[in-house]
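**Q** build me a model:
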Amino acid sequence: MSSERERALVPVLLSLTAVTGLVDAASVLGLGRVFTANMTGNVVFLGFAAAGAPELSLVRSGAALLAFFVGAAIGGRIGAPIGAGSVERPTSAALGLEAALLLAATGVAFGAGSDLSVVPTRLYAVIGLTGLAMGIRNAVVRKLAVPDLTTTVLTMTITGLAADSPAAGGDGPRWSRRVASVAIMFAGAAAGAWLVARSVAHALAIAGVVSTLAALSARRRLCRAERTVAPH
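**A** The predicted structure is shown next:
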């Protein structure tokens with residue numbers, strides 16, 4: 001990917017990192033202790049549930065994992081042209097679909113308060129919709145392969161901050177990007193927790209709006225970047 005395209009994607013991917021914090025706040029706090037964005041955490045929760053840990057559910061976590069898996073397969077199909085150099089259309093399409101699914105989840109959650117686990121039909125619908133959305137996005141972000149901006153998992157980002165720091169003998173590459181990812185995920189999760197205390201739908205609505213803006217921004221910024229790199 002050209003440096004112009006990578007630079008164009010940085011603010012878009014950072015905004016999606018905030019969406020991850022919002023979605024996981026909604027899912028963990030409002031959907032009965034399940035991750036629908038962070039599958040590492042979800043697999044750990046599956047293990048805990050299998051061992052009989054209280055307040056965790058094999059069925060809920062399994063449903064989230066299945067929805068994410070299906071979404072990732074769909075995202076892989078949408079994002080296939082990225083490998084051949086076509087970036088704007090598949091990226092915009094995937095992010096637009098993510099936004100639509102999150103807004104649909106908002107509609108399902110509307111009026112259900114701060115804990116959907118007491119309304120099973122709405123609960124599993126929201127788990128499915130948000131899991132699909134996050135799977136689609138993660139598949140496309142993986143194909144974009146912008147360094148240190150996975151939008152979902154921060155383990156390697158935090159590792160890089162320490163391992164590549166001057167204290168470790170490194171030169172701190174992409175330091176600002178890495179710090180921004182951590183800070184924005186934190187902010188998204190904190191905002192999501194505050195919103196979920198009022199209603200799960202509130203957190204999902206904000207996530208859907210931010211995803212919509214990210215999709216529109218991706219289209220505009222990538223079109224501009226592609227005009228820059230196109231031969232004249």
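**Q** what separation is there between Val34 and Arg60?
**A** Val34 sits 4 Å away from Arg60, going by CB to CB, to the nearest Å. For every residue, glycine as well, the C-beta is placed using N, CA and C.
**Q** again with Pro90
**A** With distances taken as CB to CB, Pro90 is found 31 Å from Arg60.
**Q** coming back round to it: more neighbours: which of Val34 and Arg60?
**A** Shown here are Val34 and Arg60; by other CB atoms under 10 Å, Val34 has more neighbours (28 against 25).
**Q** how about the secondary structure of the more buried one?
**A** State at Val34, reduced to three classes by DSSP: H, G, I helix; E, B strand; the rest coil: coil.
**Q** can you pull the contacts of it?
**A** Val34 makes contact with Ser27, Val28, Asn42, Phe45, Ser57, Arg60, Ser61, Ala63, Ala64, Ile127, according to CB atoms under 8 Å, 6 or more residues apart in numbering.
**Q** of those residues - the most surrounded one?
**A** Counting by other CB under 10 Å, top hit in the contacts of Val34: Ser27 with 32 neighbours.
**Q** check which helix or strand covers it.
**A** helix 3-30 (DSSP states H and E).
**Q** I'd like the distance between Arg122 and His202.
**A** 15 Å.
**Q** ok, these two, which is more surrounded?
**A** His202 (22 against 19).
**Q** neighbours of the nearest residue to the more buried one once chain neighbours are set aside, just the number please.
**A** In space, and not counting its chain neighbours, His202 is closest to Leu195: 4.2 Å by CB to CB, 6 or more residues apart in numbering. Using other CB under 10 Å, Leu195 has 23 other residues around it.
**Q** you'd agree Leu195 is up against Ala189?
**A** No: look at Leu195 against Ala189 with CB atoms under 8 Å: they stay out of range, at 10.7 Å.
**Q** overlap in contacts of the two?
**A** By CB under 8 Å, 6+ apart, the residues touching both Leu195 and Ala189 are Leu22, Ala25.
**Q** please, which helix or strand holds the residue nearest to His202?
**A** Assigned by DSSP H and E, Leu195 belongs to helix 175-196.
**Q** who touches both of Val34 and Arg60?
**A** Ile127.
**Q** from the contacts of Val34, which land in helices?
**A** Ser27, Val28, Asn42, Phe45, Arg60, Ser61, Ala63, Ala64, Ile127 (DSSP state H).
**Q** most widely separated two among the residues you listed?
**A** Spatially, the most separated pair among these is Val28 and Ala63, at 14.5 Å (CB to CB).
**Q** tell me which residues touch the residue lying closest to Ser15 once chain neighbours are set aside, please.
**A** In space, Ser15 comes closest to Ala214 once its chain neighbours are excluded; the distance is 4.7 Å by CB to CB, 6+ apart. By CB under 8 Å, 6+ apart, Ala214 lies in contact with Val12, Ser15, Leu16, Val19, Leu95, Ala99.
**Q** go on, Arg33?
**A** Contacts for Arg33 (CB under 8 Å, 6+ apart) come out as Phe45, Glu55, Leu56, Ser57, Arg60.
**Q** look up how far Leu123 lies from it.
**A** With distances taken as CB to CB, Arg33 is found 12 Å from Leu123.
**Q** in whichever helix in the chain runs longest, what counts as buried?
**A** Criterion DSSP H: the longest helix present in the chain is helix 200-229. Using 16 or more other CB atoms under 10 Å as the test for burial, helix 200-229 gives 200-208, 210-212, 214-215, 217-219, 221-222, 225-226.
**Q** so Tyr124: helix, strand or coil?
**A** Assignment for Tyr124 (three-state DSSP): helix.
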